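Engineer: Quick one, structure for this:
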Amino acid sequence: MIRSINFKILLIFIVAFAIGFGLSIPITVYLFKNQITQSIQNEYAMRSGAIADIYSRLAPTERGPYLKQLSEKQKVSLWIYDRNGLRYAYGQANMPTITDEDVRLIQDGAEVVRYTSILPVPTSLHMGFPLQTANEQLALVLHPESSDTNLVITVIGVFILIALTIGSFKFILFTRVVVKPLKSLTAATRKVAKGDYNIALQTKSKDELGVLTEQFQQMAHKLSQIEKMRQEFVSNVSHELQTPLASISGFVSILQNDGLDEAEQLRCLDIIRNESMRLSRLSENMLRLATIDSNHYPFQPALVRLDRQMRRIVVATEPQWAAKRLNIHLELSKTEIYADEDLLSQVWLNIFNNSIKFTQEGGDITIELHSRNGEIGVTIRDSGIGIAEEDRTRIFERFFMADKSHNREAGGSGLGLAIVKRVVELHGGSVEVDSTLGKGTSVTVYLPFMQLVKSIRK
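Structural biologist: As a prediction, this is how the structure comes out:
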């Protein structure tokens, strides 16, 4: 299987010009064969007629010098045969391709033609003519001592020109097979540039162009997914901002009405304050996530006692889990890691707060530190409502909320786990989620040891 487009083009070039040279042979023969043959025959016939006329009138002693002088002047080889064989031979050319049988035919009055050729266009002829003297019938054979240089150059030039013309035409025709996928790819790029990512490029080629086509389709598919995510992101942001703004606007309108008692006014003001705080948290999370994504977030790794940090998180959130009478179980051995302490705090707060939100009153939450294949694992496990299987693969998407009603009541925005995933990736780690609907959720964050994290940040 041809896997290189360079080899394909080379092969097309060779095949195209092989066809060009092959077809140029019969065309050149057609153009020159009859014309050249007839021209040489006519020329030789005139020469033979003149020689025969003069030769027959010369004395036997004068014939040899005449033929020698004629051969040198006309640059032809002359052979005279009688019934006993070769009598005179003048000139530099080799013996002609005239056989003894041909000589007998000539002596009996026939004309015989034998030729050498190129392509096979005749460039020189061995021609035999009968030569009658007073005493006997002789055979005269003429042959030029050298080919007509101008004729040879003309034949070769026409042959090459025809070959190049046909070869170039075939090469252009054959390269359309290579160029056709490129044209389809060009049309596809125009569609993508216009925002249309629904493209289908068919190619069976395994060369560079085939690989490019396949990767372009993958790119278009990913761009389509990104575009859908962008649209969903814009829609979610608009929705998340519109809801608290509408709530604030509504309760401000209520406060503007006369006749509200103090308790009702305080309730409206409390709702406005909560919605304002919700907007603040949403904008803060969006800004944090955007900053982390831009790779300009001030990443400041240092030595962190992970067990102490987890205990501080539990203490800081005590009002939330104590209000629901949750049982917190800690299995925290002394663990040090090289990381950004502030960023990691966002990870543990988001995961732990989710466990508190989705665990019923009196439930259990366990935080455990352990190691695995050169990594430190932090597992936060709860006995809450769990996550449906179809939602599990999407929980790290921005603004996705598996239980929208519960999240809305708890003030969630769907950005917490997106921040978790991005921060963990920034540390070179990974996140695993194991959950069963109605039985609880276990989130495990794996982070590299100190030397591994240091190498990642260099």
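
Engineer: Strands of the stretch 51-200 of the chain, start to end?
Structural biologist: 76-82, 85-90, 112-118, 121-132, 137-144 (DSSP state E, counting those that start in this stretch).

Engineer: what is the orientation angle of the first one with strand 85-90?
Structural biologist: For strand 76-82 and strand 85-90, the angle between their directions (axes from the mean of the first three to the mean of the last three CA atoms, to 10 degrees) works out to 160 degrees.

Engineer: Quick check: which of the strands of the stretch 51-200 of the chain is nearest to Y338?
Structural biologist: Nearest to Y338 among those is strand 112-118 (83.3 Å), distances taken as CB to CB. (Each C-beta comes from the backbone N, C-alpha and C, glycine too.)

Engineer: Show the average pLDDT along that closest one.
Structural biologist: For strand 112-118, mean pLDDT rounds to 67.

Engineer: Flag whichever of the strands of the stretch 51-200 of the chain has the least confidence on average.
Structural biologist: strand 112-118 (a mean of 67).

Engineer: about what we covered before: with respect to L173, which of the strands of the stretch 51-200 of the chain lies nearest?
Structural biologist: Closest among the strands of the stretch 51-200 of the chain, once you apply CB to CB, is strand 121-132, at 27.8 Å.

Engineer: Pairing partners for the helix or strand where D434 lies, with directions?
Structural biologist: When elements are assigned from DSSP states H and E, D434 belongs to strand 430-436. In the sheet, strand 430-436 lines up against strand 440-448 (antiparallel) (DSSP bridges).

Engineer: May I see the buried residues of the partner strand?
Structural biologist: With burial defined by 16 or more other CB atoms under 10 Å, the residues of strand 440-448 counted as buried are G440, T441, S442, V443, T444, V445, Y446, L447, P448.

Engineer: what's the answer for stretch 60-76, then?
Structural biologist: Result for stretch 60-76 [16+ other CB under 10 Å]: buried residues R63, Y66, L67, L70, S71, V76.

Engineer: Any idea how far it is from the middle of the chain?
Structural biologist: Centroid displacement of stretch 60-76 relative to its chain, using CA atoms, centre = their mean, to the nearest Å, is 76 Å.

Engineer: what does stretch 163-180 give?
Structural biologist: Taking mean C-alpha positions (CA atoms, centre = their mean), stretch 163-180 and its chain are 23 Å apart.

Engineer: Only the buried residues of it, if you could.
Structural biologist: Going by 16+ other CB under 10 Å, stretch 163-180 has these buried residues: A163, I166, G167, K170, F171, F174.

Engineer: which among these gets closest to E389?
Structural biologist: Among the buried residues of stretch 163-180, and counting by CB to CB, the member closest to E389 is F174, at 54.4 Å.

Engineer: how far away is H143 from I14?
Structural biologist: Distance from H143 to I14, counting by CB to CB, to the nearest Å: 39 Å.

Engineer: These two - which one has more neighbours?
Structural biologist: H143 (24 against 12; other CB atoms under 10 Å).

Engineer: Where do the helices of this structure begin and end?
Structural biologist: 5-57, 60-74, 100-107, 149-193, 208-256, 262-293, 306-316, 318-323, 341-357, 389-392, 404-410, 416-426, 450-457 (DSSP state H).

Engineer: and S435, which of these is closest to it?
Structural biologist: Short answer: helix 389-392, nearest of these by CB to CB, at 6.1 Å.

Engineer: got the buried residues for the closest one?
Structural biologist: Those would be D391, R392, for helix 389-392 by 16+ other CB under 10 Å.

Engineer: thinking again about what came up before, and the strands of the stretch 51-200 of the chain as JSON lines, adding distance to I387?
Structural biologist: As requested, the strands of the stretch 51-200 of the chain are exported to JSON lines (distance: least, CB to CB, whole Å):
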{"stretch": "strand 76-82", "distance to I387": "105"}
{"stretch": "strand 85-90", "distance to I387": "111"}
{"stretch": "strand 112-118", "distance to I387": "86"}
{"stretch": "strand 121-132", "distance to I387": "87"}
{"stretch": "strand 137-144", "distance to I387": "100"}
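
Engineer: Nearest to G377 among the ones you listed would be which one?
Structural biologist: strand 112-118 (85.0 Å).

Engineer: Report the contact partners of E361.
Structural biologist: By CB atoms under 8 Å, 6 or more residues apart in numbering, the contact set of E361 is K324, R325, L326.

Engineer: State the phi and psi torsions of it.
Structural biologist: phi -60, psi 140 (degrees, to the nearest 10).

Engineer: Pull up the gap between it and I385, please.
Structural biologist: Distance from E361 to I385, by CB to CB: 12 Å.

Engineer: Equivalent analysis for E227, please.
Structural biologist: Counting by CB to CB, the gap from E227 to I385 is 33 Å.

Engineer: ok, these two, which is more surrounded?
Structural biologist: I385 (20 against 12).

Engineer: nearest residue to the more buried one other than its sequence neighbours?
Structural biologist: Closest residue in space to I385, ignoring its immediate chain neighbours: F358 at 5.1 Å, by CB to CB, 6 or more residues apart in numbering.

Engineer: what about the one you found, neighbour count?
Structural biologist: F358 has 23 nearby residues by other CB under 10 Å.

Engineer: Test my guess that it contacts S383.
Structural biologist: No: F358 is not in contact with S383 according to CB atoms under 8 Å; the separation is 9.8 Å.

Engineer: just to revisit the earlier point, among the strands of the stretch 51-200 of the chain, which comes closest to A339?
Structural biologist: That would be strand 112-118 among the strands of the stretch 51-200 of the chain, by CB to CB, at 84.1 Å.

Engineer: rewinding a little: between the buried residues of strand 440-448, which sits nearest A139?
Structural biologist: Nearest to A139 among the buried residues of strand 440-448, with distances taken as CB to CB, is P448, at 103.8 Å.

Engineer: End to end on stretch 85-103, go ahead and measure it.
Structural biologist: 9 Å (CA to CA, to the nearest Å).

Engineer: right, I mislabeled it, should have said stretch 332-345
Structural biologist: Termini of stretch 332-345 sit 16 Å apart (CA to CA).

Engineer: which outside residues touch that stretch?
Structural biologist: Applying CB under 8 Å, 6+ apart, the set of residues contacting stretch 332-345 is 297, 299-307, 309-311, 313, 367-369, 376, 423, 426-427, 447, 449-451, 453-454.

Engineer: out of those residues, which are buried?
Structural biologist: Among the contacts of stretch 332-345, the ones that count as buried (16+ other CB under 10 Å) are 297, 301, 304, 306-307, 309-310, 313, 367-369, 376, 423, 426-427, 447, 450, 453.

Engineer: Can you list the low-confidence ranges for the stretch 251-400 of the chain?
Structural biologist: Residue ranges of the stretch 251-400 of the chain with pLDDT under 70: 281-282, 285-298, 398-400.

Engineer: Same question for the stretch 51-200 of the chain.
Structural biologist: 87, 92-97, 115-125, 144-152, 155, 177, 179.
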